[in-house]
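> Output the structure for:
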Amino acid sequence: MKTDERIILPDDPEAVTAVTVHGWKTIDGFIYLDERAARYASSTHCLCKTCGKPARKPYTKCDGCRELADIAKYDAMPREEWDGKAVLYSDALSEYYSSLDDAEDQLPDDMTLEGMRLIICRPVTVRPLDGSEWGDDIPEGEEDLPPPIEAAINQFNEATRGIVLSWRPGKTALKLDAVQQDGEPK
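Okay, here's the model as predicted:
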């Protein structure tokens, strides 16, 4: 410690100074120094950035404008013929279907197949292991994992190549006019 450093103990009168702070108390009792932040924290809705109607937090658009934006996004998607194998996702209902027949069976009375906004899903496969994940654990001066570990990684990667774990909505919509009435691709 330097000899010219001042020593201030917790009970020293110079350690603190009393101040009065103006703040904003939220509905749930939290204090904010910023009024805008306090108002946002207490609010349940904000105004829709598109139409000005109330929108539930954390959304910046109301339900109606979000639905219109979802429809516009779907309408802008390229269309693709279905291979009969990929899972289908209904953008309108947030549901997955293993076949077009399944989608038709779950079709609400007030909705058409077109209204389901079906998207062809892409498979999510097992990610291959990469030995570099253990690079920090290898002693300095060595670059490779021990041969038994490298062999196990290669064996795992070969055994799991192409295995589908799940499905995610892709970037193409189902081309409905390319589907026969029986739910099978043309």
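> Next, work out how far apart Ser99 and Thr172 are.
Computed with Cβ to Cβ, to the nearest Å, the distance linking Ser99 and Thr172 is 18 Å. Quick note: C-beta positions are derived from backbone N, CA and C, even for glycine.
> Which of the helices or strands spans Ile7?
Assigned by DSSP states H and E, Ile7 belongs to no helix or strand.
> Just confirm Val124 is within a helix.
No. Val124 sits outside any helix when classified using DSSP: H, G, I helix; E, B strand; the rest coil, being strand.
> how close does it get to Tyr97?
Val124 is 17 Å from Tyr97, by Cβ to Cβ.
> do Arg127 as well
26 Å.
> Look at the two and report which has more neighbours.
Neighbours were counted for Arg127 and for Tyr97 using other Cβ atoms under 10 Å; Tyr97 has more, 19 against 9.
> Tell me how many other residues surround Arg36.
9.
> ok, now the one 4 residues further on?
Each residue near Tyr40 was counted by other Cβ under 10 Å, and the total is 13.
> Please apply the same query to the one 3 residues further on.
Per other Cβ under 10 Å, the neighbour tally for Ser43 reads 12.
> Verify the stated contact: it with Lys57.
Yes. Ser43 is within contact range of Lys57, at 6.6 Å (criterion: Cβ atoms under 8 Å).
> hey, where'd the strands end up in this structure?
With DSSP state E as the criterion, the chain has strands at 24-25, 31-32, 45-47, 54-56, 79-80, 88-90, 95-97, 118-125, 164-174.
> Can you spell out which residues form a bridge with the residue most central in space within the chain?
Among the residues of the chain, the one closest to the centroid is Arg168, at 11.3 Å (Cα atoms, centre = their mean). Note on Arg168: beta-bridge partners by DSSP bridges are Arg122.
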